[in-house]
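> Need coordinates for the below:
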Amino acid sequence: MLKNIQEWTLLLTIFGIVTLLGNWVGYDIFSLNAILGMIVLIVVSLLGFITQKLVPLSIPSVAYIAIYGVLISMPWTPGSEIIVAWTSEVQLLALTTPILAYAGIAIGRSWTDFMKLGWRTIVVASFVLLGTVLGSAVIAEIVLRMQGII
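Numbers count the residues shown, from 1 in each chain. You can find the predicted model right below:
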């Protein structure tokens, strides 16, 4: 268990540093509050991972992370205003960049497993991505025209 905690801490710290870098470069936000917010997010994630290993139920760690996140940000929780202020300084897209990069690396490392899925999976994934992009573009076009922006 200690080895897992060390690995999780290292991985989350790397994510945190890359996220803070993306927050600074992409959103021009580099403050003590952003750093403290990232530390809070790392600690909540670690608590969720540890809880998932300790509780004998088959509940994913993301559920525990979400529960802890909601609990510490509720207005009745002491210090929640400070925690919300800190974590609000960390932009969502800055958070997703290192996670998606890690997912890409994970897929790249197991390319042989990915290829075992067959050519049909690649075709379906391509159509899903194409549909998502086109659907998003159509929705954006409609909303922007309704608002008179374009």
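> So which residues of this structure form helices?
Listed in chain order, the helices of the chain (DSSP state H) span 2-27, 32-54, 61-73, 80-88, 92-109, 111-116, 119-146.
> So which bits of the third one are buried?
Put plainly, it is helix 61-73. 61, 64-65, 68-69, 72 (16 or more other Cβ atoms under 10 Å). Quick note: C-beta positions are derived from backbone N, CA and C, even for glycine.
> quick one: pLDDT of the residue nearest the centre of the chain?
The C-alpha lying nearest the average C-alpha coordinate of the chain belongs to Thr96 (Cα atoms, centre = their mean; 4.8 Å). At Thr96, the model reports a pLDDT of 81.
> Pick the most deeply packed of the helices of the chain.
By mean neighbour count, with neighbours taken as mean count of other Cβ atoms under 10 Å, helix 32-54 ranks first of these at a mean of 18.
> Domains of this structure: list them as residue ranges, please.
2-110, 117-150 (automatic domain parsing).
> Quick one: distance of the longest one to the chain centre.
For domain 2-110, the distance between its averaged C-alpha position and the chain's averaged C-alpha position is 7 Å (Cα atoms, centre = their mean, to the nearest Å).
> begin at 57 from here
Right, with 57 as the first residue, what we last looked at is domain 58-166.
> ok, now which ones touch Val184?
For Val184, no contacting residues are found, by Cβ atoms under 8 Å, 6 or more residues apart in numbering.
> Wait, Leu149 touches Gly82, no?
Yes. In this structure Leu149 lies within contact range of Gly82 using Cβ atoms under 8 Å: 7.0 Å.
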